[in-house]
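Participant: No letters, just coordinates:
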């Protein structure tokens, strides 16, 4: 009814079913008699709850009914309680809305790319796992304990670490081959191969000089080798050998003269892309990718986070910073990198290395991934103590069992992994 009510004796009334009261009394050896129930209403007249008082007493400790004066005072008190509860709910709901809104943006950024869907969510998961490991560690991190607000702040930062990619052109984010722009130009290049081969075959048909025919047939064989090589080079890789560089230059210089017109296999832009030494990005494209952390910092710094979440922009934007000061975008050093930033860095690196949906690299096993991370520790790029905890608490394996392909999960020799940077420390 949303109306206050007083009952003189709950066992002798016909207002409500008192079976719950009887059960409570029986279980607690109590005797409920007089009762006052006052509804708590919010500003929209919605019922928040009920304040219930049982067994008013006089000065002698005798149970008496609640009076109209009691009810008036209690109604005023309940109004204050309703305001307090409404404010508390409002704050909780706003914080919940903030987190859900930020997570929805992060999910949308992930979905924008056909290759990195789920990356942000997985980094957030790994960050939470590592933060909880720090909480439970009584060895190196016995004095490092996060409050609930600090854990929430770290979680928000991990969800937001790639928000700057909202400005990164999709054709760069998804560049899976060296020749790809909006489409993979390998097909365009191969069409030129087909056209030049057709011209050569036409010229062979009309030639009467056997020596010239033989030379052109040799040229066709060379084009087949070039074609196979170009297809291989387009996929990118870890390192481009000098012999491959010379071969690309040779193909770029190749031209065929027919009917007084010159025809080339690849143009200068395509040559420059094929000469990319590692991966699939040109230097300017790589710089464009790196910009996302600056944009992340700029976007998050413009938001008025609650005071308890004030470090979200810094934590989120520093996941590519390195302890040796050689990271980006700000070149921060170890003294400037809090543990929260270091946690997100390890989570982001591990997820990127183990990801099976990146077109520009092959899927790595746990051993391969952890070896690469061990070298990062050796070179003072990522935090050694956090990485040890990552290994010792088997976070890598817990995550792998739920998020990686079965063929990636191999038997990791942890002592062997640690030797990579322990030996360096001894030296």
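Facilitator: Arrived safely, thanks for sending. Since this is a predicted model, take the numbers as computed values, not measurements.
Participant: Could you use CA atoms for every contact and neighbour count after this?
Facilitator: Fine.
Participant: The nearest residue to residue 308 once chain neighbours are set aside: which element?
Facilitator: Nearest non-adjacent residue to residue 308, counting by Cα to Cα, 6 or more residues apart in numbering: residue 149, 6.4 Å away. Assigned by DSSP states H and E, residue 149 belongs to helix 148-160.
Participant: Which strands and helices lie in contact with the helix or strand that that helix is followed by?
Facilitator: As assigned by DSSP H and E, the chain's next helix or strand after helix 148-160 is helix 170-173. In terms of contacts (3 or more Cα pairs under 8 Å, 6 or more residues apart in numbering; DSSP states H and E), helix 170-173 is packed against helix 283-301.
Participant: in the helix it packs on, what's buried?
Facilitator: Using 16 or more other Cα atoms under 10 Å as the test for burial, helix 283-301 gives 285, 288, 289, 290, 291, 292, 293, 294, 295, 296, 297, 300.
Participant: For the residues you listed, please prepare JSON lines with the additional fields pLDDT and distance to residue 362.
Facilitator: What follows is the buried residues of helix 283-301, written out as JSON lines (pLDDT from 0 to 100; distance: Cα to Cα, whole Å):
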{"residue": "285", "pLDDT": "92", "distance to residue 362": "21"}
{"residue": "288", "pLDDT": "92", "distance to residue 362": "23"}
{"residue": "289", "pLDDT": "90", "distance to residue 362": "20"}
{"residue": "290", "pLDDT": "92", "distance to residue 362": "21"}
{"residue": "291", "pLDDT": "94", "distance to residue 362": "25"}
{"residue": "292", "pLDDT": "94", "distance to residue 362": "24"}
{"residue": "293", "pLDDT": "95", "distance to residue 362": "25"}
{"residue": "294", "pLDDT": "96", "distance to residue 362": "28"}
{"residue": "295", "pLDDT": "95", "distance to residue 362": "29"}
{"residue": "296", "pLDDT": "95", "distance to residue 362": "28"}
{"residue": "297", "pLDDT": "96", "distance to residue 362": "31"}
{"residue": "300", "pLDDT": "95", "distance to residue 362": "33"}
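Participant: Packing partners of the longest helix anywhere in the chain?
Facilitator: For the chain, the longest helix by residue count, based on DSSP state H, is helix 68-112. Contact partners of helix 68-112 among helices and strands, from 3+ Cα pairs under 8 Å, 6+ apart: strand 35-41, helix 119-136, helix 148-160.
Participant: would you list the ones you listed in CSV and tack on distance to residue 174?
Facilitator: CSV is the format used below for the helices and strands packed on helix 68-112 (distance: least, Cα to Cα, whole Å):
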stretch, distance to residue 174
strand 35-41, 53
helix 119-136, 14
helix 148-160, 20
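Participant: Of the ones you listed, which is nearest residue 97?
Facilitator: With Cα to Cα, the closest approach to residue 97 among the helices and strands packed on helix 68-112 belongs to helix 148-160: 12.2 Å.
Participant: ok, back up a step: right, so of the helices and strands packed on helix 68-112, which gets closest to residue 346?
Facilitator: Of all the helices and strands packed on helix 68-112, helix 119-136 comes closest under Cα to Cα, at 8.1 Å.
Participant: Could you check how far that closest one is from the centre of its chain?
Facilitator: Here helix 119-136 is found 10 Å from its chain centre; the criterion is Cα atoms, centre = their mean, to the nearest Å.
Participant: try stretch 219-239
Facilitator: On Cα atoms, centre = their mean, the centre of stretch 219-239 falls 36 Å from the chain's centre.
Participant: Can you tell me, leaving aside adjacent residues, what's nearest to the most centrally placed residue in the chain?
Facilitator: Nearest to the geometric centre of the chain sits residue 120, at 1.8 Å (Cα atoms, centre = their mean). Using Cα to Cα, 6+ apart and skipping residues adjacent in sequence, the residue nearest residue 120 is residue 159, 6.0 Å away.
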